[in-house]
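Asker: Show me the folded form of this:
(2 chains)
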Protein chains: 2
Amino acid sequence: MRGWLDDVRSYVPPVQIGEVMRAFCICRVLASRSPKAAAGDVVTAMNGIREIGILSDKHVEKPAFLPPGGKTTDLLGVLGMTGLTAYFGMMKIGNVKKGDTVVVSAAAGATGSVAVQIARIQGAKRVIGTAGSDEKCRWLVEEGGVDIALNYRDPEFRRKFKEATPEFVDVYFDNVGGEQLDMALARASRGARFVMCGGISQYNAEHKQGPKNIANVITMRIRMEGFIVFDYADEYPTALGQLAQWLAEGKLKRKETILKGGIRVADEGMVNLYKGGNIGKLLVEVKNPDDERQSKL
Amino acid sequence: MRGWLDDVRSYVPPVQIGEVMRAFCICRVLASRSPKAAAGDVVTAMNGIREIGILSDKHVEKPAFLPPGGKTTDLLGVLGMTGLTAYFGMMKIGNVKKGDTVVVSAAAGATGSVAVQIARIQGAKRVIGTAGSDEKCRWLVEEGGVDIALNYRDPEFRRKFKEATPEFVDVYFDNVGGEQLDMALARASRGARFVMCGGISQYNAEHKQGPKNIANVITMRIRMEGFIVFDYADEYPTALGQLAQWLAEGKLKRKETILKGGIRVADEGMVNLYKGGNIGKLLVEVKNPDDERQSKL
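Answerer: Modelled structure (predicted):
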């Protein structure tokens, strides 16, 4: 969402000043002329940050199912864009294999927290997650399936990163860019796969910092590849089936923070994300469905 | 060769102070106990910069053939490491296809000059080469098979780079890193392939400059992949056969500069390369074979 605000060439047009902020939402249908959804249905939709919208049914998805133990908000998290991003990134770009050493940055975030667990499920030998607080690191070790969690704010982070990767890094799932990307380049194994998913450390930077160790891409024959989850739309059903199964089997844990307060606090939601307070998926409750009599949520 | 002098983890151990400088050479065999070569044979070998060496036959290759019009020094250039590097980079990593827009940096160099011509032969729609002098740019257009040659020392280089890529860049074959890599990232097409072959602009830099536009790897789904020609050793015969055929057919042009003066000027050879004077392959004549009666060169 942060990237959509930059006025640059990208995978979707930038959101213009005055336009509704683009956002994936869980919505309740109030009225419908489409066979795809009826009044009262709960759907996910690219509705944007607004209380009520009129949408083409192209932009509406009726959730096919929720697995045992699944809840509606999972449709924006582990069973939504961030879960799917973790899935395709780790499986298709990272090509994670049994025995791999895997590092995921922002591992306590919505995408990272699913990515580390997929690496674990796929048989990685060692899964390392980085995060910005000791609380997140604790969660990563206790719940998140990592072997080692490293706090990047620790003054000894650089040394610990090196010590945590004695057999180097086979898969680096990058959500942050900047210094951590450079460290991963320095510790890459021959033929490492770098899943280029995000670069949150640089999104607000006035002077962007490119990876100084880019030459290691050559010497270590690294494949560094970017992707956008939309490219895999055809494979969503398969991926969601797998994610739902892992969720039902208890192999996949997730955590969420819901920011209450309605549309007025939506901008705070994004600002807060950069302060790094939340673990897992951060959601904004634009409108409380319990306020409406027709609510099925 | 420059990279081998850095005391870092790489694809081969660094050359230590006091050791013979590692180098591929064309050598005449003075004496042999191996069935692989006999006295008088001309071979290519990892002999290093020295006049006489004693080598295991593991490090010796007897040239299988020279195509019509080929000459012995081609075994270090278009039919040697640099030609093979261009071949595997453009074919295997760049996956160049009919209709592609291709940019090659340091396109007048030993590797780049072969890379642009392979892109042309493979049916690229538009081939753009960058180089550091107008003379090189002229050679690239007249002999080197490029549609557009750009001098990166031109103050208008940035604007011209943009204008030369109206349909963006499908394959970027990078030999230089630094600012040109950033420009290519800014102009990458969706799904572009970045062949990470060299980064000469940064080899001697005190403060290495990482690509500030690295985020485009994500938004444009770029695959940025490094390689070392040795990884493709099994496929050398096929590649050499193809290169030799193109050479014999006149589809592949090459140029070389031979620095005379013996072992005393070998270090100058490397320093001069960084001044950008030569077009094509730069060779150092460590020992003149005509000084020897047994010469078959």
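Asker: quick one: contacts for the residue in chain A that chain B sits nearest to?
Answerer: Per CB to the nearest CB, residue A:210 is where chain A lies closest to chain B, at 2.8 Å. To be clear about C-beta, it is placed using only N, CA and C from the backbone, and glycine gets the same treatment. By CB atoms under 8 Å, 6 or more residues apart in numbering or on different chains, the contact set of residue A:210 is B:182, B:209, B:210, B:211, B:212, B:213, B:214.
Asker: And residue A:180, by the same measure?
Answerer: Residue A:180 sits next to A:105, A:130, A:152, A:161, A:174, A:201 when contact means CB under 8 Å, 6+ apart.
Asker: Distance-wise, check the residue nearest to the last one when sequence neighbours are not counted relative to residue B:212.
Answerer: So the one you mean is residue A:201. Leaving aside its chain neighbours, residue A:201 sits nearest to residue A:178 (3.6 Å; criterion: CB to CB, 6 or more residues apart in numbering or on different chains). Distance, residue A:178 to residue B:212, by CB to CB, to the nearest Å: 11 Å.
Asker: which neighbours do these two share?
Answerer: residue A:209.
Asker: List, one by one, the residues from the stretch 51-200 of chain A near chain B.
Answerer: In this structure, the stretch 51-200 of chain A approaches chain B at residues A:177, A:181, A:182, A:190, A:196, A:197, A:198, A:199, judged by CB under 8 Å from any CB of the partner chain.
Asker: my guess is the third one meets residue A:211, correct?
Answerer: Yes: shown here, residue A:182 and residue A:211 form a contact pair, counting by CB atoms under 8 Å, at 5.0 Å.
Asker: For the contacts of residue A:210, give me CSV that also has secondary structure.
Answerer: Converted to CSV, the contacts of residue A:210 look like this (DSSP: H, G, I helix; E, B strand; the rest coil):
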residue, secondary structure
B:182, helix
B:209, coil
B:210, coil
B:211, coil
B:212, helix
B:213, helix
B:214, helix
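Asker: In strands, which of the contacts of residue A:180 appear?
Answerer: A:130, A:174 (DSSP state E).
Asker: Drop anything exposed from the contacts of residue A:180.
Answerer: Applying 16 or more other CB atoms under 10 Å in any protein chain shown to those, the neighbour count classes A:105, A:130, A:152, A:161, A:174, A:201 as buried.
Asker: just the residues you listed: which has the poorest pLDDT?
Answerer: Looking at the buried ones among the contacts of residue A:180 by pLDDT, the weakest one is residue A:201, with 92.
Asker: mind checking how far that residue is from residue B:93?
Answerer: Distance from residue A:201 to residue B:93, by CB to CB: 28 Å.
Asker: ok, back up a step: make a PyMOL selection of the buried ones in the residues of the stretch 51-200 of chain A next to chain B.
Answerer: Per 16+ other CB under 10 Å, the buried members of those correspond to this PyMOL selection:
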select buried, chain A and resi 177+181+182+196+197+198+199
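Asker: With pLDDT and secondary structure added, can I get the residues of the stretch 51-200 of chain A next to chain B in TSV?
Answerer: Output for those, formatted as TSV (pLDDT from 0 to 100; DSSP: H, G, I helix; E, B strand; the rest coil):
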residue	pLDDT	secondary structure
A:177	97	coil
A:181	98	helix
A:182	98	helix
A:190	98	strand
A:196	98	strand
A:197	98	coil
A:198	95	coil
A:199	94	coil
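Asker: could you dump the residues of the stretch 51-200 of chain A next to chain B to a markdown table with distance to residue A:287?
Answerer: Output for these, formatted as a markdown table (distance: CB to CB, whole Å):
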| residue | distance to residue A:287 |
| --- | --- |
| A:177 | 34 |
| A:181 | 38 |
| A:182 | 43 |
| A:190 | 52 |
| A:196 | 35 |
| A:197 | 30 |
| A:198 | 28 |
| A:199 | 32 |
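Asker: which secondary structure elements does the top helix by length along chain A contact?
Answerer: Longest helix in chain A, counting residues (DSSP state H): helix A:236-248. When contacts are defined as 3 or more CB pairs under 8 Å, 6 or more residues apart in numbering or on different chains; DSSP states H and E, helix A:236-248 sits against helix A:81-88, helix A:112-121.
Asker: before we move on, back to that, could you work out the most separated pair of the buried ones among the contacts of residue A:180?
Answerer: A:161 and A:201 (14.8 Å; CB to CB).
Asker: residues contacting the residue nearest to residue A:141 when sequence neighbours are not counted?
Answerer: Distances taken as CB to CB, 6+ apart put residue A:149 closest to residue A:141, at 5.1 Å, once the chain neighbours are dropped. Neighbour list for residue A:149: A:107, A:128, A:129, A:130, A:131, A:136, A:137, A:138, A:140, A:141 [criterion: CB under 8 Å, 6+ apart].
Asker: Just confirm the second one is within a strand.
Answerer: Just to be clear, that refers to residue A:128. Yes: Residue A:128 forms part of a strand when assessed by three-state DSSP.
Asker: Okay, and the beta partners of it?
Answerer: Beta bridges link residue A:128 to residue A:103, residue A:148, judged by DSSP bridges.
Asker: Between the contacts of residue A:210, which sits nearest chain A?
Answerer: Using CB to the nearest CB, residue B:210 is the member of these that lies nearest chain A, at 2.8 Å.
Asker: for chain A, what are the low-confidence residue spans?
Answerer: A:289-297 (pLDDT under 70).
Asker: Show me the residue sitting in the middle of it in space.
Answerer: Nearest to the mean C-alpha position of chain A, by CA atoms, centre = their mean, lies residue A:111 at 2.2 Å.
Asker: How much space separates that residue from residue B:118?
Answerer: Relative to residue B:118, residue A:111 is positioned 39 Å away (CB to CB).
Asker: Same question for residue A:27.
Answerer: Taken as CB to CB, the span from residue A:27 to residue B:118 is 53 Å.
Asker: okay, the two: which has more neighbours?
Answerer: The neighbour comparison of residue A:27 against residue B:118 (other CB atoms under 10 Å in any protein chain shown) goes to residue B:118, with 27 against 22.
Asker: And the closest residue to the more buried one other than its chain neighbours, its phi and psi?
Answerer: Nearest in space to residue B:118, with sequence neighbours left out and distances taken as CB to CB, 6+ apart, is residue B:90 at 4.5 Å. With angles defined as degrees, to the nearest 10, residue B:90 sits at phi -70, psi -40.
Asker: Residue B:90 - how many residues pack around it?
Answerer: Counted by other CB under 10 Å, the residues lying close to residue B:90 total 28.
Asker: That one against residue B:197, yeah?
Answerer: No: assessed by CB under 8 Å, residue B:90 is found out of contact with residue B:197, at 9.4 Å.
Asker: so what sits against both of those two?
Answerer: With CB under 8 Å, 6+ apart, residue B:90 and residue B:197 have common neighbours B:115, B:173.
Asker: one step back: selecting buried members of the contacts of residue A:149 in PyMOL, what would you type?
Answerer: Entered in PyMOL, the line below selects the buried ones among the contacts of residue A:149, by 16+ other CB under 10 Å:
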select buried, chain A and resi 107+128+129+130+131+136+137+138+140
